[in-house]
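>>> prediction below, plus the sequence it came from.
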Amino acid sequence: MKRSGYVWAILLIVLVVSFLILLILSLSGYFQMQQIPEIPKVVKFVYPVVDKVPVYNEPSPVATLLGHASRDERYLETKRVPGFIRIENDTMAGWVDRKKVMTKLERVSAADGLNLIPLDMAVEVLPFQNDIMINGKIINQWDKPIRNIKVSFTFLDMSLKQLATENVEVYKQQDLPGGGTVDLHAIGHGLLQSAPYVAYEIDDFDIPPGAIPTPEPVDEKIKGMGGETE
């Protein structure tokens, strides 16, 4: 009987110790998970093309009107559905007609008289210690070279307040050929815990001289000759 009692006591001790070890391991894993911050969400900036763009509570033109987006402000594009995008800043959040807003790249392209968007960009963010590592790739969708490509990354807190901005310029005074790609990198130092959003935009680019041929001026004397009869 004594031997049997010893066996049961040893088994009980083993079970208790095993339970305590498992509990400690599970709690340790839980706290480690709690300490790992979420990877920041990558978003874009957009700008209303006209003043007072209607903002709705749902992606529909017959939804409740919440207010109007101002042409003088920029907004984050946080979600997209066919025909509508959701925009947010520190004063407004809701859905707008996709055709009523554009990115800075679209604005620059329109100002240059281009009928297409020559550049595209993919962005990936990764946590590294307490920093936000950014890996980007720019693609020249055009058949012509582009240079002096300027990109900005803006780090925002939960209330969409700007914390910091990193500016990157690639292909300075060099030509990124048509169909070519270029990698770029940036770091948000010490922002992993405080910046749940990373907004990016292509701010500007240059088209090398001669890439788009300009029509030669027509001599007025020559223009007046030929085809005219008295």
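That came through fine. Numbers count the residues shown, from 1 in each chain.
>>> show me what secondary structure element comes after the strand or helix carrying Val168.
Per DSSP states H and E: Val168 is located in strand 162-170. Downstream of strand 162-170, the first helix or strand assigned by DSSP H and E is strand 181-188.
>>> contacting residues around the residue nearest to Ile187 when sequence neighbours are not counted?
Nearest residue to Ile187, sequence neighbours excluded (Cβ to Cβ, 6 or more residues apart in numbering): Asp131, at 5.4 Å. The way it works is simple: take the backbone N, C-alpha and C, and place the C-beta from them, glycine included. With contact set as Cβ atoms under 8 Å, 6 or more residues apart in numbering, Asp131 has these partners: Ile187, Gly188, His189, Gly190, Leu191, Leu192.
>>> who does the second one form a beta bridge with?
Note on Gly188: beta-bridge partners by DSSP bridges are Ile132.
>>> so what's it up against?
Asp131, Ile132, Ile134, Phe153, Phe155, Ala164, Glu166, Ala195, Val198.
>>> and the nearest residue to Lys104 once chain neighbours are set aside, how many residues sit next to it?
Excluding the flanking residues, the one nearest Lys104 by Cβ to Cβ, 6+ apart is Glu201, at 4.9 Å. Here the number of neighbours of Glu201 (other Cβ atoms under 10 Å) works out to 20.
>>> OK, contacts around the closest residue to Asn167 other than its chain neighbours?
Ranked by Cβ to Cβ, 6+ apart and with sequence neighbours excluded, the top spatial neighbour of Asn167 is Ser152, at 5.1 Å. Ser152 makes contact with Thr165, Glu166, Asn167, Val168, Tyr200, Glu201, Asp203, according to Cβ under 8 Å, 6+ apart.
>>> could you check how far the fifth one is from Lys99?
I take that to be Tyr200. 22 Å (Cβ to Cβ, to the nearest Å).
>>> the more surrounded of those two?
Remark: of Tyr200 and Lys99, Tyr200 carries more neighbours, 22 against 10, as counted by other Cβ under 10 Å.
>>> host element of that one?
strand 197-206.
>>> quick one: residues in contact with that strand.
Here strand 197-206 has contacts from 40-45, 76, 103-105, 108, 118-119, 121, 123, 125, 132, 134, 136, 138, 146-157, 160, 167, 188, using Cβ under 8 Å, 6+ apart.
>>> sheet partners, orientation included, of that strand?
strand 41-48 (parallel), strand 147-156 (antiparallel).
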